[in-house]
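[1] below is the structure, and that's it, no one-letter string:
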Ligand code: PHE
């Protein structure tokens, strides 16, 4: 006889199950353990109705997964497997259903009741009908009935109940339909939602203009909640966002925050279009292994959106730098996995800050293969039409996508699919040679993908290499491949992998002279390399004073790679050496380029009201990067006290947080009274605004000042600050990797404590250990001891178990 097993987590069963009209309430009718509800024998009918009553305790749910309480309001998070914490449910993405959701609550405590779809009815509940007596002294319960007419996977389900107010606006689609837009926050935060509303409208318009995609529902709700594990969630018509990605004012948010809000709202708008409903055809992932299908394409689209709204080059540099900082190390560590993972214990571990599956996936390759949005648009439409023409295949897989991509184009994608099955970052070596007699120039490529856990050997993969200004694409598909160019009058300096055309590590035989030539002349700003040498300082000087360049690009060009990125290139990572050398390089650059840097600070100061647009952001970025260079270096060496005055006056006279925080960051580099005073001043001013206080925490936790672990102990506070506090601390290699093991011990203890409260956050923090084998033997032993201590802790979550066990086994 058929049996049914339904996953669950933290759900308390309270009433009998009712299957059709048979009640299952006797011992043996069903079995319940902490993970499953099993019905050993089902009615011998083809279909039946299963009714289950459950009881849950959202106020005790600190995992922020399922239904939980955040600052007094209820909200949900169901991707990937949160729905099973609300009720017994087979919460796979291929199981789709229509949802009707009736929410009942105390009217004064929870005046706003939201769910997906359309509001069918709402009203007060007559006292005689109240099942649970009201807890409110004012009495009065009310209800709202929401119905989503479209089938959806449960990961897109959402519910919100609380004291919220909305900023209301409308968006008229290009076919003339009016969509109601609402951004919900506590009433006092409403003034800080103007930028989010601007971003929402801009993203909806962009999606119509560039991709021809009209928003298909009549309502777009965004709710901002302070406690949220990720950035945001694209639930149908009821997006839920981490408040830091909604709330902004010039005084409380930096340019980077404004840009992040624009980008994440763009991401959710794009995500909706792709994975929920496209012209009423639902296209979604068949299972979580296909995650890159929705998130990869969405990241690609949101990157296009942000590029169109600001500077394409700067956006690309920022995205690639994220990739290098997070993806490459992950690829070389215990959690290495291909675009499509082969297995997982907790899917949550595969969203690691959107880095792996997202960035390395389709977006990068697509944007290279298709050089214009028009092409991408027609391509994507064809892909979707081809995927959905057979309604049975609307639950799509990476193979469907690949087949559609191949069929819709003449392009030869050769062994592109290897990206989906092989983990690791390919290393591509390029040797060039010029034959003056034959007037030929040759480029020889060889590719190698390092072994990763469970995959000792690798096949060649498809690597698109863009070269030259005409953006020619060489398709490298073999382990070794040579391309010969004829009729070349003199030895060229090739500009390779322009715009970072493939997510690979590149080793070329270009000489320093070639690199300086590119630094000075490459029309692809992305490809201007950075190396230290007197000529480099000169080159950088000319970049600094080149008024034809985008100011934000100049700011990026003078920003040195981070310590993590540098360590990633060493055979044995040495945090102390990298720290000292990087500091030295910065100091040398700052003293050699002092005049130019100060000029930049002078010329880019402004007391005008804050405007969020590219020219103003670029101006502020350049000014603040220039001043950080000049200030931190001289402050750290106490060479010139007038710099302290200058930094203090920047801090005091700033009219927005971007400028003020930059000055604060510079001043906080050096222990002492000025640092303490200015940090205290900032805290006193902003203690009522937790988002600003979070930044204040981050600034201190990520500081490189010696022995910072002690300061962090003193700072520990609430769960909301965990990211800033622990994440920031682990981001400072000298302190996290301190040779006495104090940083490792701190993280080990925190992970064990945090795992009991929020396993997703605990496992993300734990990832800082995952590359412990990259360090010297002393550090390895210390880190291993912490990982073993964690593994031996009682009641470890699957999230933490997966990372800790894989880290130890690698
Ligand atoms: N799907 C979400 C997005 O694209 C990311 C997310 C994943 C959020 C899992 C929460 C949990 O923004």
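    Right, received. Where do you want to start? Keep in mind that what you see is a predicted model, and the values were worked out from it rather than measured. Numbering: from 1, shown residues only.
[2] assign a three-state SS to the nearest residue to residue 508 once chain neighbours are set aside, would you?
    Distances taken as CB to CB, 6 or more residues apart in numbering place residue 430 nearest to residue 508, at 4.6 Å, with adjacent residues excluded. Backbone N, C-alpha and C define where each C-beta goes, glycine included. Per DSSP: H, G, I helix; E, B strand; the rest coil, the local secondary structure of residue 430 is strand.
[3] next, work out how far apart residue 430 and the ligand are.
    Residue 430 sits 35 Å away from the ligand, going by CB to the nearest ligand atom, to the nearest Å.
[4] could you do residue 585 as well?
    According to CB to the nearest ligand atom, residue 585 and the ligand sit 37 Å apart.
[5] cool, and residue 744?
    28 Å.
[6] count of neighbours near the residue nearest to residue 508?
    20 (other CB atoms under 10 Å).
[7] same thing with residue 205?
    So residue 205, with other CB under 10 Å, has 15 neighbours.
[8] please apply the same query to residue 801.
    Residue 801 is flanked by 18 other residues according to other CB under 10 Å.
[9] quick check on it: phi, psi?
    Backbone torsions of residue 801, given as degrees, to the nearest 10, read phi -60, psi -50.
[10] returning to what we had before: what are the bridge partners for the residue nearest to residue 508, then?
    residue 445, residue 508 (DSSP bridges).
[11] check residue 238 too.
    Residue 238 has the following beta-bridge partners by DSSP bridges: residue 221.
[12] got it, and residue 146?
    Beta-bridge partners, per DSSP bridges, of residue 146: residue 101, residue 119.
[13] now the residue of the stretch 301-450 of the chain found nearest the ligand, nearest residue through space, not along the chain?
    Scanning the stretch 301-450 of the chain for the residue nearest the ligand gives residue 351, at 4.9 Å (criterion: CB to the nearest ligand atom). In this structure, residue 351 finds its nearest non-sequential neighbour in residue 230, 6.8 Å apart by CB to CB, 6+ apart.
[14] contact partners for that neighbour?
    Counting by CB atoms under 8 Å, 6 or more residues apart in numbering, residue 230 touches 77, 242, 351.
[15] flag every residue of the protein that's near the ligand.
    Applying CB under 6 Å from any ligand atom, one finds that the chain approaches the ligand through 77, 79-80, 230-234, 267-268, 271, 295, 351.
[16] who wins on neighbours among those residues?
    Using other CB under 10 Å as the neighbour criterion, residue 77 leads the residues of the chain next to the ligand with 27 neighbours.
[17] and the gap between that residue and residue 625?
    Using CB to CB, to the nearest Å, residue 77 is found at 36 Å from residue 625.
[18] same question for residue 582.
    Using CB to CB, one gets 15 Å for the distance from residue 582 to residue 625.
[19] what do you get for residue 439?
    Separation of residue 439 from residue 625 (CB to CB): 44 Å.
[20] quick one: which of the two has more around it?
    residue 625 (23 against 13).
[21] ok, the nearest residue to that one once chain neighbours are set aside - how many residues close by?
    Distance criterion CB to CB, 6+ apart; nearest residue to residue 625, sequence neighbours excluded, is residue 555 at 4.1 Å. The number of residues packed near residue 555 is 24, by other CB under 10 Å.
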